[in-house]
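**Q** Build me a model:
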Amino acid sequence: MTSILRAGILKEMEETVNNNPPPNNTPPQSGQQQSSQPTMPKIPLPHLSPFKLILFSGIGFVCLMGLVNVFLQYISAPKDSPGNTTKVTISPTPVPVKIKTFTNKKFHYSVKYPDTLEQSEETPYSTAFTIKQRQFGHLVFPSLYVSVIPDGFTDKAKVYNFMSADAVDKFYTMQDNQSLQTETGTNAEHWIFKRLAAFTVADVQGVMIQNDNVLEGNGAINRRVLLKKNGFTYIIGSYYQSQQELNDYRDFLISFTFLP
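**A** Numbers count the residues shown, from 1 in each chain. Now for the predicted structure:
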């Protein structure tokens, strides 16, 4: 039995020696070259948990999106070039309009008007306020005007935009939005006025009328207020094309006063 165990141990020792030979310390002989490439040791890779993988991936995605956003802003920003200049518009400061006062002692009234208009006497019974060189077609229409017709006066040539006493009386009695033709004959269709409403000026009740089809008016509208006072008919009128001109007419009516 002892001999059998001894034989088994010797055999196991022999196999161990064969499987693990001793290092060869014999120097290389002449003519033989020793390999210069060292053997690289294997470095084990770090082990990352799923949580760390998700965290690092999220941080990387955020950084990538930030870089993309910066790049897009850069390429979309306007570049200064001779053909791409920014225009700066400076609006002029509006200059206050000066107001003048016109007084007619003969017909006992006073009225205010902007100094952008030029005052002139069209006839002994009419005063006009006109923009210089303002033309509608072939005629020059005043922006604002005042005509005064004494009772029983019939000389059309002496009153700008003369209107008969009969026509004035009809406008006083008509309903709003009714129309009346004030002239006959040639171009009579251009003398149709519509009553707009009753209107009070300087504590005197009158009537406002309007003609939308002015002869050679080039789109201008003729609006008038008719007033009766102390044996006179006052026609306070305007030719306008814009809202500003209509506003000027409103201010003109508000400023109109009768003298004592």
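
**Q** Can you list phi and psi of residue 188 for me?
**A** phi -60, psi -30 (degrees, to the nearest 10).

**Q** That should have said residue 65, apologies.
**A** phi -60, psi -40.

**Q** What are the boundaries of the strands in the stretch 51-200 of the chain?
**A** 99-104, 109-114, 118-123, 126-130, 144-150, 179-181, 192-201 (DSSP state E, counting those that start in this stretch).

**Q** Tabulate those strands (a markdown table), appending mean neighbour count and mean pLDDT.
**A** C-beta here means a position set from N, CA and C on the backbone, and glycine is covered the same way. Formatted as a markdown table, the strands of the stretch 51-200 of the chain follow (neighbours: other Cβ atoms under 10 Å; pLDDT from 0 to 100):
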| stretch | mean neighbour count | mean pLDDT |
| --- | --- | --- |
| strand 99-104 | 12 | 96 |
| strand 109-114 | 19 | 96 |
| strand 118-123 | 14 | 89 |
| strand 126-130 | 21 | 95 |
| strand 144-150 | 22 | 97 |
| strand 179-181 | 13 | 97 |
| strand 192-201 | 16 | 97 |
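
**Q** Near the closest residue to residue 241 other than its chain neighbours, how many other residues are there?
**A** Leaving out its chain neighbours, the residue that sits closest to residue 241 by Cβ to Cβ, 6 or more residues apart in numbering is residue 220, at 5.4 Å. For residue 220, the count of nearby residues is 20 (other Cβ atoms under 10 Å).

**Q** Residue 220: what's it in contact with?
**A** Contact analysis of residue 220 by Cβ atoms under 8 Å, 6 or more residues apart in numbering lists 136, 141, 214, 239, 240, 241.

**Q** How much space separates the last one from residue 228?
**A** With distances taken as Cβ to Cβ, to the nearest Å, residue 241 is found 29 Å from residue 228.

**Q** likewise residue 242?
**A** The value you get for residue 242 to residue 228, if Cβ to Cβ is used, is 30 Å.

**Q** So if I had to pick from those two, which one is more boxed in?
**A** Of the pair residue 242 and residue 228, residue 228 is the one with more neighbours under other Cβ under 10 Å, namely 18 against 8.

**Q** and the nearest residue to residue 109 once chain neighbours are set aside, what does it touch?
**A** In space, and not counting its chain neighbours, residue 109 is closest to residue 258: 5.6 Å by Cβ to Cβ, 6+ apart. Shown in contact with residue 258 (Cβ under 8 Å, 6+ apart): 108, 109, 202, 204, 229.

**Q** same thing with residue 195?
**A** 171, 174, 175, 176, 177, 178, 179, 180, 207, 208, 209 are the contacts of residue 195 under Cβ under 8 Å, 6+ apart.

**Q** mind checking how far it is from residue 223?
**A** From residue 195 over to residue 223 (counting by Cβ to Cβ), the distance is 12 Å.

**Q** any shared contact partners between those two?
**A** With Cβ under 8 Å, 6+ apart, residue 195 and residue 223 have common neighbours 208, 209.

**Q** what sits against residue 166?
**A** So residue 166 contacts nothing (Cβ under 8 Å, 6+ apart).

**Q** How about residue 246?
**A** By Cβ under 8 Å, 6+ apart, the neighbours of residue 246 are 223, 238, 240.

**Q** For it, pull up the helix or strand it's in.
**A** helix 243-255 (DSSP states H and E).

**Q** low pLDDT regions in this protein?
**A** 1-49, 51-53, 55, 74, 76-95, 132-139 (pLDDT under 70).

**Q** Do a quick rundown of the helices in it.
**A** Secondary structure of the chain (DSSP state H): helices located at 2-19, 50-76, 165-173, 243-255.

**Q** and the third one, C-alpha only, in CSV?
**A** So the one you mean is helix 165-173. Output of helix 165-173 as CSV, limited to C-alpha atoms (Å, rounded to 0.1, in the frame of the first residue of the first chain):
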residue,chain,number,x,y,z
ALA,A,165,-83.8,131.1,-49.3
ASP,A,166,-86.2,128.5,-50.5
ALA,A,167,-83.6,125.7,-50.5
VAL,A,168,-82.4,126.8,-47.1
ASP,A,169,-86.0,126.6,-45.7
LYS,A,170,-86.5,123.1,-47.2
PHE,A,171,-83.4,121.8,-45.5
TYR,A,172,-84.7,123.1,-42.2
THR,A,173,-87.9,121.1,-42.6
